[in-house]
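In: give me a model of this one.
(one chain, ligands or ions: 2)
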Amino acid sequence: MSSQAVWQGAGRRIFMNEVGTRDGLQMEPAFVSTEDKIALVNALSDAGLSKIEVTAFVSPTAIAALRDGEIVMREIARRPGTVYTALVPNVRGAERAIEARTGELNLVMSVSETHNLCNLRMQRAQSFAVLQQVIATAQQARVPVNVSLSCCFGCPMEGDVPQAEVLAWVQRFADLGVQGITLCDTTGMAYPSQVHEMTRAFKARWPALGLTLHFHNTRGMALANVLASMAAGADRFDASIGGLGGCPYAPGASGNACTEEIVHALQLMGYDTGIDLPALIATAARLPALIGHEVPSQIARAGHRLDLHPVPAGFDAIRERALARQPSLPYP
Ligand code: COA
Ligand code: ZN
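Out: Ligands and ions are numbered 1, 2, ... in the order given. Model (predicted):
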C-alpha cells in the first residue's frame, strides 16, 4: 500500500486488540472485583473487539491486581470471532492459562537487557530459554502463541534499541514457529518515521507472520504511530479502553493508545474496525466508577465529533440582532 492511500480507508479491515483488562488493570492501585472484570470483558466482546487480552497468568506477588486470572478467563462469555488471550511469563503461567481455556498465549520479553531485568528479573537470553519451553508447552496443547517484545522503539533506561537487534529477536521467535509478534512501544518513545521503517522492514522479511503494533500515548504520538505503521502495511493494533495502562517496571510509562480514540479516527477515515463505537464509548464511560478516577481518553471527555452541542441561550436574539444590523449584506 502506498503512503498516500492510508488516508482513505475504503473499507479496509483493521483489527483491534483490547489490552485494557491486562495492560490497563495491572497498573490500577484499587483492586477491580472479579465480577466487574468479567462484566468489562463481556462488554468489550459485545462491542466487537477482535482480540481481548483478558488477564495475565503471572506471579500474584508481582501483579496482585490480576491474581484472579483463572476465574475471569473461565467465566467470561466467549463471542465467536473474538480471540481471548492472556499474558504468560513462564511455563507455570502457560499451564494455568491452558487449564483456564485461554485461546492464545501472549509471551513477553524485552529487547532491552535493562528493561528485561527490571520487568522479568532475567537476562534476555534467560528469558528466551524460558519462552522456548513455554512455546513447546503451548504447541503440545495446540494453543497459538504470540510474542510481545517490549521496548522495540526505545528503552527508557538504555535509549534506542537498534532496529537490527529488534528484528534479530523477531527472527529467533519466527524460527520457533510462533503465530504472531507484537512490537511494543512500552513507554511511548516511538515516532512515526521510525515506526513506518520498522513495519516496512518486518513486512518485507516476514510477510506471513502476524504483526501487531502496541503503542503508548505517553508523548501524544500513539495515533500518529498507528497511521504511520498502517501506511507500511500494518493492520492489527493493541489499544486500551479509556487509554488505561502502563508498565509498572518501566519508569515513565503511561497510558496505552486509547481504543475508542483510534476506532473513532479510523471509522471516520472509512476503515472497517468491526467495532460498535457507541457501545465502546459507553463502556469507557463506565470506567471511572470501576477504577475510582478519570481516564485519559479524549473521546470519553469530548464524545464523538458529531455529538453536537445545543446553541447557547439567547441564540435567536443574537441572530435577529445580526440580521437587523446587516439585513441584506451580499456574500463576497
Ligand atoms: N503464576 C503464579 N505464580 C508464579 C508464576 C506464575 N506464572 N511464576 C512464578 N510464580 C510465583 C512462584 O511460585 C514464586 O512464589 P513463592 O514466592 O510463593 O514461592 C514467586 O512467584 C517467585 O517465583 P520465581 O520463579 O522466583 O520468579 P521471580 O521472582 O524471578 O519472578 C516472574 C519472575 C516473571 C514470574 C515475575 O517477575 C512475574 O510474574 N512478573 C510479571 C511481570 C509483568 O507482568 N509485568 C508487566 C507486564 S509487561
Ligand atoms: Zn504496554
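In: enumerate every residue touching residue 113.
Out: Residue 113 makes contact with 123-124, 158, according to Cβ atoms under 8 Å, 6 or more residues apart in numbering. Placement of C-beta: from N, CA and C, glycine included.
In: ok, of those, which come out buried?
Out: residue 124 (16 or more other Cβ atoms under 10 Å).
In: now render the contacts of residue 113 as JSON lines, adding secondary structure and distance to residue 152.
Out: Formatted as JSON lines, the contacts of residue 113 follow (DSSP: H, G, I helix; E, B strand; the rest coil; distance: Cβ to Cβ, whole Å):
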{"residue": "123", "secondary structure": "coil", "distance to residue 152": "18"}
{"residue": "124", "secondary structure": "helix", "distance to residue 152": "13"}
{"residue": "158", "secondary structure": "coil", "distance to residue 152": "12"}
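In: tell me how many other residues crowd the nearest residue to residue 81 once chain neighbours are set aside.
Out: Closest residue to residue 81 apart from its sequence neighbours, by Cβ to Cβ, 6 or more residues apart in numbering: residue 50 at 7.6 Å. Here the neighbour count serves as a burial measure; for residue 50 (other Cβ atoms under 10 Å) it reads 18.
In: list the contacts for residue 50?
Out: Taking Cβ under 8 Å, 6+ apart as the contact definition, residue 50 lies against 15-17, 81-83, 236, 274.
In: do residue 330 as well
Out: Residue 330 is in contact with no residue at all, counting by Cβ under 8 Å, 6+ apart.
In: now for residue 44, how many residues are close by?
Out: Using other Cβ under 10 Å, residue 44 has 25 other residues around it.
In: doesn't it fall inside a strand?
Out: No. When classified by DSSP: H, G, I helix; E, B strand; the rest coil, residue 44 is found to be helix rather than part of a strand.
In: I figured it hits residue 18, correct?
Out: Yes. Distance between residue 44 and residue 18: 5.1 Å, which falls inside the contact criterion (Cβ atoms under 8 Å).
In: what's the distance between residue 157 and residue 147?
Out: With distances taken as Cβ to Cβ, to the nearest Å, residue 157 is found 22 Å from residue 147.
In: residue 134 now?
Out: Residue 134 is 10 Å from residue 147, by Cβ to Cβ.
In: where do the contact lists of those two overlap?
Out: residue 107.
In: report the contact partners of residue 96.
Out: Under the criterion of Cβ under 8 Å, 6+ apart, the contact list for residue 96 reads 57, 69-70, 88.
In: before we move on, what about residue 64?
Out: Under the criterion of Cβ under 8 Å, 6+ apart, the contact list for residue 64 reads residue 31.
In: ok, 10 Å please
Out: For residue 64, the set of contacting residues under the criterion of Cβ atoms under 10 Å, 6 or more residues apart in numbering consists of 26, 31.
In: same question for residue 243.
Out: Each residue near residue 243 by Cβ under 10 Å, 6+ apart is listed here: 20, 24, 216-217, 222, 254-262, 284, 287, 295-300.
In: helices along the stretch 1-150 of the chain, start to end?
Out: 34-47, 69-75, 91-99, 113-120, 124-140 (DSSP state H, counting those that start in this stretch).
In: again with the stretch 151-300 of the chain
Out: Taking DSSP H, counting those that start in this stretch to define them, one finds helices in the stretch 151-300 of the chain at 163-175, 192-205, 222-231, 259-268, 277-285, 287-291, 298-302.
In: what residues does the stretch 1-150 of the chain put near ligand 1?
Out: Residues of the stretch 1-150 of the chain found near ligand 1 (Cβ under 6 Å from any ligand atom) are 26, 56-63, 89-90, 92-93, 96, 108, 119-121.
In: just the buried residues from those, in ChimeraX please.
Out: ChimeraX command restricting those to the buried ones, with burial defined by 16+ other Cβ under 10 Å:
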select :26,56,57,58,62,63,89,90,93,96,108,119,120
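In: keep only those of the residues of the stretch 1-150 of the chain next to ligand 1 that are in strands.
Out: Within these, residues falling in strands by DSSP state E are 56, 108.
In: so where is the stretch 101-250 of the chain shaky, pLDDT-wise?
Out: Scanning the stretch 101-250 of the chain for pLDDT under 70 picks out the ranges 247-250.
In: what residue in it comes nearest to ligand 1?
Out: Residue nearest to ligand 1 within the stretch 101-250 of the chain (Cβ to the nearest ligand atom): residue 121, separated by 3.8 Å.
In: report the contact partners of that residue.
Out: When contacts are counted by Cβ under 10 Å, 6+ apart, residue 121 is found next to 59, 62, 89, 127, 249.
In: dihedrals phi and psi, it?
Out: phi 60, psi 30 (degrees, to the nearest 10).
In: do you know how far it is from residue 136?
Out: Counting by Cβ to Cβ, the gap from residue 121 to residue 136 is 22 Å.
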